[in-house]
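Peer 1: Prediction below, plus the sequence it came from.
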Amino acid sequence: MQAIAAGDAVVLQRVDAGYEPGIPVVKGVSAKFKTGQISAVLGVNGAGKSTLMKAVAGLVSVYSGHIIMNGTDVTGSNATTLAKRGLSYVPQTHDVFGAMTVDENLKMGGYILPKAKARERAAAVMDILPQLKALRSRRAETLSGGERKMVAIGRALVAEPRVLIVDEPTAGLSPDAGRRVLGDVLPRLKGLGVAVIAVEQRVKDALAVADWCHVLVAGRIALSCPAHQARNDEMLGAVMLGGSPADWPAKAEEPPS
C-alpha cells in the first residue's frame with residue numbers, strides 16, 4: 001500500500017474500475033497526483049485513461065482498491081460528494097451549456113455554493129482567465145472550440161477545487177488552440193495550488209507543461225516518472241506506438257513531495 005505524504009492530493013491504491021461488474025477496464029492502478037503540479041495521464045486510445053479519471057471523479061464503479069483524496073478515503077463516493085470535497089471534472093465533450101452565456105456558464109459551476117458566493121467566484125475566475133471577460137455576454141454555442149474549453153475549465157474553477165481533472169482538453173482543437181489551453185491555462189491553475197490532472201493525446205505538448213506523467217497500457221500503469229524524463233524515454237515511445245507491456249517491465253516511481 002502506498003504511503004500518503006503531505007501534498008498528496010489524490011492517491012490511488014490498486015484500483016480496479018470499469019462499467020460492467022466483473023469486467024475491469026482499469027486494473028490494479030496505483031498512482032499519486034500532487035498539489036501544485038500538472039500530472040499528464042497518457043496512453044493510446046482504449047488504454048483506460050478516461051475510465052481511470054471517471055473512477056476518481058465518481059462516475060464509474062470502483063470494484064476494488066482505494067481512492068484517497070486529501071487524506072480521506074473517498075472510494076465509492078458520488079460526483080456531488082466529491083465536488084463538495086474539492087474535486088472538479090471537465091469532460092471531453094458536452095462541457096458547456098451552449099444556450100447560456102459565458103457568465104451564466106461560470107455561475108453554474110457554483111451550483112454547490114450559495115448564489116452570492118457563486119457570483120463572487122465567477123468574477124474571480126474572470127480575473128484568473130481574463131480572456132473570458134470579453135466573452136461574458138456571448139452564448140457558449142457561438143464560441144470557438146478553444147474558447148469553449150476555456151469556459152468549461154473556468155466553470156470548474158468556480159467551485160474552488162483542490163483537484164481538477166481535465167479529460168482531453170485539446171480534443172477537436174487546432175494545434176495552436178490546443179497549445180494555448182495546455183501551455184497557458186493549465187499552468188495558471190497549478191500556480192493556484194490546484195492538483196491538475198490532464199488526460200491528453202498530444203503527448204509532446206502535454207509533456208512540455210506537465211511535472212509528472214503516468215502512462216497506461218491495457219488498463220495498467222506502464223510508466224510513471226517525471227515529465228522531463230519521459231520526453232527522452234524510449235519506453236514511452238514504444239508505449240505510444242502500441243508496444244505490448246509484456247515486452248518490457250513496468251517502470252514506476254512516485255512524484256516527490
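Peer 2: Here it is on my side, so go on.
Peer 1: for the longest strand along the chain, what is the average pLDDT?
Peer 2: What stands out as the longest strand in the chain, according to DSSP state E, is strand 8-18. For strand 8-18, the mean pLDDT works out to 96.
Peer 1: ok now it, how far from the chain's centre?
Peer 2: Going by C-alpha atoms, centre = their mean, to the nearest Å, the spacing between the C-alpha centre of strand 8-18 and its chain's C-alpha centre is 14 Å.
Peer 1: Then stretch 109-122?
Peer 2: Taking C-alpha atoms, centre = their mean, one finds the center of stretch 109-122 at 22 Å from the center of the full chain.
Peer 1: for it, how far is the first residue from the last?
Peer 2: This stretch, stretch 109-122, spans 8 Å end to end (C-alpha to C-alpha, to the nearest Å).
Peer 1: in whichever helix or strand comes after the longest strand of the chain, what counts as buried?
Peer 2: On the C-terminal side of strand 8-18, the nearest following helix or strand under DSSP states H and E is strand 26-34. The neighbour-count criterion (16 or more other C-beta atoms under 10 Å) identifies Val26, Lys27, Val29, Ser30, Ala31, Lys32, Phe33, Lys34 as the buried residues of strand 26-34. Where you see a C-beta, it was placed from the backbone N, CA and C, and this is true even at glycine.
Peer 1: Dump the residues you listed to a markdown table, plus distance to Ala40 and pLDDT.
Peer 2: Supplementary listing: the buried residues of strand 26-34 in a markdown table, determined by distance: C-beta to C-beta, whole Å; pLDDT from 0 to 100:
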| residue | distance to Ala40 | pLDDT |
| --- | --- | --- |
| Val26 | 17 | 96 |
| Lys27 | 20 | 95 |
| Val29 | 15 | 96 |
| Ser30 | 17 | 96 |
| Ala31 | 12 | 96 |
| Lys32 | 14 | 96 |
| Phe33 | 10 | 97 |
| Lys34 | 13 | 95 |
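Peer 1: Could you export the residues you listed as a markdown table, including distance to Asp167?
Peer 2: As requested, the buried residues of strand 26-34 are arranged in a markdown table below (distance: C-beta to C-beta, whole Å):
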| residue | distance to Asp167 |
| --- | --- |
| Val26 | 14 |
| Lys27 | 20 |
| Val29 | 16 |
| Ser30 | 21 |
| Ala31 | 16 |
| Lys32 | 19 |
| Phe33 | 14 |
| Lys34 | 19 |
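Peer 1: which of those residues lies closest to Tyr89?
Peer 2: Each of those was checked against Tyr89 using C-beta to C-beta; the closest is Phe33, at 13.3 Å.
Peer 1: ok, now which ones touch Trp212?
Peer 2: Applying C-beta atoms under 8 Å, 6 or more residues apart in numbering, one finds that Trp212 lies in contact with Phe33, Lys34, Gln37, Ile38, Ser39, Ala40, Ser224, Cys225, Pro226, Ala227, Pro255.
Peer 1: what about the third one, neighbour count?
Peer 2: Looking back up the chat, that one is Gln37. Taking other C-beta atoms under 10 Å as the criterion, the count of residues near Gln37 is 20.
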